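S.K.: need a structure here:
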Amino acid sequence: MSGATGVVHRAAPAEQVMITALAEGRRAERPDLVAGEEPLEIRLAGPSGPAEPVAITMRTPGHDFELAVGFLLGEGLLADQSDLRTVKYCDLPEGDPQAYNVVTVASARSVEIGRRQRNVVVHASCGVCGTTTLEQLKDRCPPVPSGQTLPASLLTLLPARLQARQRVFAETGGLHAAGIFDARGSALAVREDVGRHNAVDKLVGWAAMQRRLPLTRSVLVVSGRVSYEIVQKAAVAGIPVLVAVSAPSSLAVATAKALDMTLAGFVREGRANLYAGAWRIEGAPR
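M.R.: Presented below is the predicted three-dimensional model:
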């Protein structure tokens, strides 16, 4: 990791602000915690030549390297985890302040960024990804392996287990979360962010940096709704089961079916809607 002697600011996942609280006809000034949100520029460098900017995304600071790697994998700019050489913050002249808001990923192969380069801000809720059609995604991601089945009794417990590990959400009430769980329901990794897509990117980046891809015997649990892009990111990581607290979109359902993934929405203790791949879920009445 690159650093400099003149560090002036490193944003935190949660920051304290002063608020005016209104309650029962009274008002009071007090401190409160809010979710951190800062821009992060992602750059990509090949074996030779300078790094090129790919995107600026608004994110919750923390696990920045994982976010950058996961984003590039989702965009197809890194073909797989074997492409990954190094990840570091921006190189700066001696004495310049390091703001920790630029991450450079070095790839083992030459990359043509071309039209996929993003010189605009990608908002945390945006999720517009490099694979723009279902057919393109199917070319990149063959149907996921069948993997293990999952008891319905365990499936419906996973959102609560995710929420129990949402530390910053508990402090701020302002973050999404995503978690990777094994077939026994144990959390392997959980990440939080103001953006649903960023939280998933951080998990994919974590797996790539740990050389754990593909996650063919894992379950992805997300705290909100499921769009096509969330299914895409799960497919790139080889995840066979995707569980959500809220609803999926129509394209998310179609994509999950096309890739033979299991997609469950509105999952609560004792309840779930299975939109695709219901055969992987055992123990529920048919």
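S.K.: the protein: helices as residue ranges?
M.R.: 64-75, 134-140, 152-155, 158-164, 167-172, 196-209, 228-236, 250-258 (DSSP state H).
S.K.: residue 93: which of the ones you listed is closest?
M.R.: Proximity to residue 93, assessed across the helices of the chain by CB to CB, is greatest for helix 64-75 (21.1 Å). C-beta here means a position set from N, CA and C on the backbone, and glycine is covered the same way.
S.K.: how far away from the center of its chain is the closest one?
M.R.: 8 Å (CA atoms, centre = their mean, to the nearest Å).
S.K.: so residue 84 sits right up against residue 107, yeah?
M.R.: Yes - with contact defined as CB atoms under 8 Å, residue 84 counts as touching residue 107 (7.1 Å).
S.K.: which residues do these two both contact?
M.R.: residue 78 (CB atoms under 8 Å, 6 or more residues apart in numbering).
S.K.: what sits closest to residue 192 if chain neighbours are left out?
M.R.: Distance criterion CB to CB, 6 or more residues apart in numbering; nearest residue to residue 192, sequence neighbours excluded, is residue 175 at 4.4 Å.
S.K.: and that neighbour, what's its pLDDT?
M.R.: Looking at residue 175, its pLDDT reads 86.
S.K.: quick one, phi/psi of it?
M.R.: Main-chain dihedrals, residue 175, degrees, to the nearest 10: phi -130, psi 150.
S.K.: so it sits against residue 62, correct?
M.R.: No - using CB under 8 Å, residue 175 makes no contact with residue 62, being 10.4 Å away.
S.K.: identify the contacts common to the two.
M.R.: 13, 192.
S.K.: who has more neighbours, those two?
M.R.: Between residue 175 and residue 62, counting by other CB atoms under 10 Å, residue 175 is the more crowded of the two (26 against 17).
S.K.: what sits against the more buried one?
M.R.: 13, 35, 60, 166, 168-169, 192-194, 199.
S.K.: isn't residue 35 right up against residue 170?
M.R.: No - counting by CB under 8 Å, residue 35 does not reach residue 170; the two are 11.4 Å apart.
S.K.: so these two - more neighbours on which side?
M.R.: residue 35 (20 against 14).
S.K.: and residue 153, what is it in contact with?
M.R.: Contacts of residue 153 by CB under 8 Å, 6+ apart are residue 283.
S.K.: and the pLDDT for it?
M.R.: Listed pLDDT for residue 153 reads 93.
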